[in-house]
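Colleague: Prediction below, plus the sequence it came from.
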Amino acid sequence: MSAELGKLYVVATPIGNLADISFRAVEVLKGVDLIAAEDTRHVRMLLAHYGIHNKLVSLHQHNEEKIAGSLLEKIRSGLTIALVSDAGTPLISDPGLPLIRRLREEGIEVSPIPGPCALIAALSVSALPVSRFSFEGFAPRTASERKAFFKEKSSSQATWAFYESSHRILASLSDLAEMLPPERRVVIARELTKLHETVVGDRLDRVLAIVEWDENMRKGEFVVMVEGATVEKEQAVTPEQHKLLSVLLRECSIKTAVDMAVEITGARKKLLYQAALAIAERE
Ligand code: SAM
């Protein structure tokens, strides 16, 4: 690489608590020629907190294709630039991909300054297995797309996680409860590193009840994490079979309810019997 080329730093910033910034992030943000930021007004306040008064240029989802070219030229001419988002690690459900792609295609150095990320912070306290997990970004916005997405994910064996906003957290958990068995473990991490940080982990039906009951649990920013389906749990009854058994158990013995459910659904008797026992125990 030519010595005159500049460089891009991809810098993580706090997701709430302003003390969560690395020494190196502050050093780099002070030392670069220019900072590309998602929302320049927001980032200016953040930077002022650390005594950084550097030049800013705005790079957001609506202009990033266009601006990538001009930033590339600046770096080619020898400038160093830092990319930051409003919070956390850039590119994790945040803008920046077109720029990084172009720089890499041109063989220009792109270097990460690692730090906070809501996803990783949430997983680290979830008590779910995280040696393998998938991150799904934001859940779809409409109920029908969300349900299709949850259905597709329901048999995934690794832990999976998605971001959710306060506007949709209740709708999202309600849709999740329609598509997944009620006993599936779900953890919601809310307002991490902030005053109202809350992490709630329990069976899906209980987590939904908590969020329905407590309006504070619908405020702020959320990471939702879902336990993967174990082989045993993967074979668990579907929400429809669960509902059918619940209704039958109101009127019949376990044996009759299971026999009828086998006849109606064609599912395995042992499976329905175990589910019926669990329902009868709880209700
Ligand atoms: N790039 C960021 C990161 O590294 O986490 C994520 C940006 S994305 C646009 C914003 C979403 O991240 C929020 O809607 C929320 O789902 C999640 N999030 C951000 N900060 C959070 C926090 N303090 N607690 C919980 N979730 C948070």
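Modeller: Perfect, thanks for sending it. What you see is a predicted model, and the numbers here were worked out from it, not measured in a lab. Numbering: from 1, shown residues only.

Colleague: check contacts around the closest residue to Asn54 other than its chain neighbours.
Modeller: Spatial nearest neighbour of Asn54, chain neighbours left out: Ile35 (5.2 Å); criterion: Cβ to Cβ, 6 or more residues apart in numbering. In this view, the C-beta of every residue, glycine as well, is placed from N, C-alpha and C. By Cβ atoms under 8 Å, 6 or more residues apart in numbering, Ile35 lies in contact with Leu29, Val43, Leu47, Asn54, Lys55, Leu56, Val57, Ile81, Ala82, Leu83, Val84.

Colleague: Please work out which residue of this structure is closest to the ligand.
Modeller: Gly88 (2.4 Å; Cβ to the nearest ligand atom).

Colleague: And stretch 82-101, what's buried?
Modeller: 82-90, 92-96, 98-100 (16 or more other Cβ atoms under 10 Å).

Colleague: Which of these fall in helices?
Modeller: Among the buried residues of stretch 82-101, DSSP state H puts Pro98, Leu99, Ile100 in helices.

Colleague: I'd guessed the first one sits against Glu65; true?
Modeller: Okay, so that is Pro98. Yes - counting by Cβ atoms under 8 Å, Glu65 is a contact partner of Pro98 at 5.1 Å.

Colleague: after the helix or strand where Glu152 lies, next one along is what?
Modeller: Here Glu152, judged by DSSP states H and E, is contained in helix 143-153. Using DSSP H and E, the next helix or strand after helix 143-153 towards the C-terminus is strand 159-165.

Colleague: How about that following strand and the ligand, touching?
Modeller: Yes - judged by Cβ under 6 Å from any ligand atom, strand 159-165 and the ligand are in contact via Tyr163, Glu164, Ser165.

Colleague: re earlier: model confidence over the helix holding Glu152, on average?
Modeller: For helix 143-153, the mean pLDDT works out to 96.

Colleague: list the helices and strands that helix packs on?
Modeller: The contact analysis (3 or more Cβ pairs under 8 Å, 6 or more residues apart in numbering; DSSP states H and E) places helix 143-153 against helix 169-179.

Colleague: The helix it packs on near the ligand at all?
Modeller: No - with Cβ under 6 Å from any ligand atom as the measure, helix 169-179 is seen stopping short of the ligand, the closest distance being 9.1 Å.

Colleague: Stretch 61-70 too?
Modeller: No - Stretch 61-70 stays clear of the ligand (Cβ under 6 Å from any ligand atom), getting no nearer than 9.6 Å.

Colleague: The residue nearest to Asn54 pairs with what?
Modeller: Per DSSP bridges, the residues bridged to Ile35 are Leu56, Ala82.

Colleague: now it: how far from Ala229?
Modeller: 43 Å (Cβ to Cβ, to the nearest Å).

Colleague: Now do the phi/psi pair for Asp214.
Modeller: phi -110, psi 110 (degrees, to the nearest 10).

Colleague: which residues touch the closest residue to Arg185 other than its chain neighbours?
Modeller: Leaving out its chain neighbours, the residue that sits closest to Arg185 by Cβ to Cβ, 6+ apart is Glu227, at 3.9 Å. Counting by Cβ under 8 Å, 6+ apart, Glu227 touches Leu128, Pro129, Thr159, Arg184, Arg185, Val186.

Colleague: which of those count as buried?
Modeller: Buried among the contacts of Glu227 (16+ other Cβ under 10 Å): Leu128, Thr159, Arg184, Arg185, Val186.

Colleague: Identify the residue spatially nearest to the third one, adjacent ones excluded.
Modeller: So the one you mean is Arg184. Nearest to Arg184 is Leu204, by Cβ to Cβ, 6+ apart, at 4.8 Å.

Colleague: Confirm for me that the one you found is in contact with Met179.
Modeller: No - Leu204 is not in contact with Met179 according to Cβ under 8 Å; the separation is 9.7 Å.

Colleague: List phi and psi for the residue nearest to Thr230 when sequence neighbours are not counted.
Modeller: Leaving out its chain neighbours, the residue that sits closest to Thr230 by Cβ to Cβ, 6+ apart is Gln157, at 7.0 Å. Main-chain dihedrals, Gln157, degrees, to the nearest 10: phi -90, psi -20.
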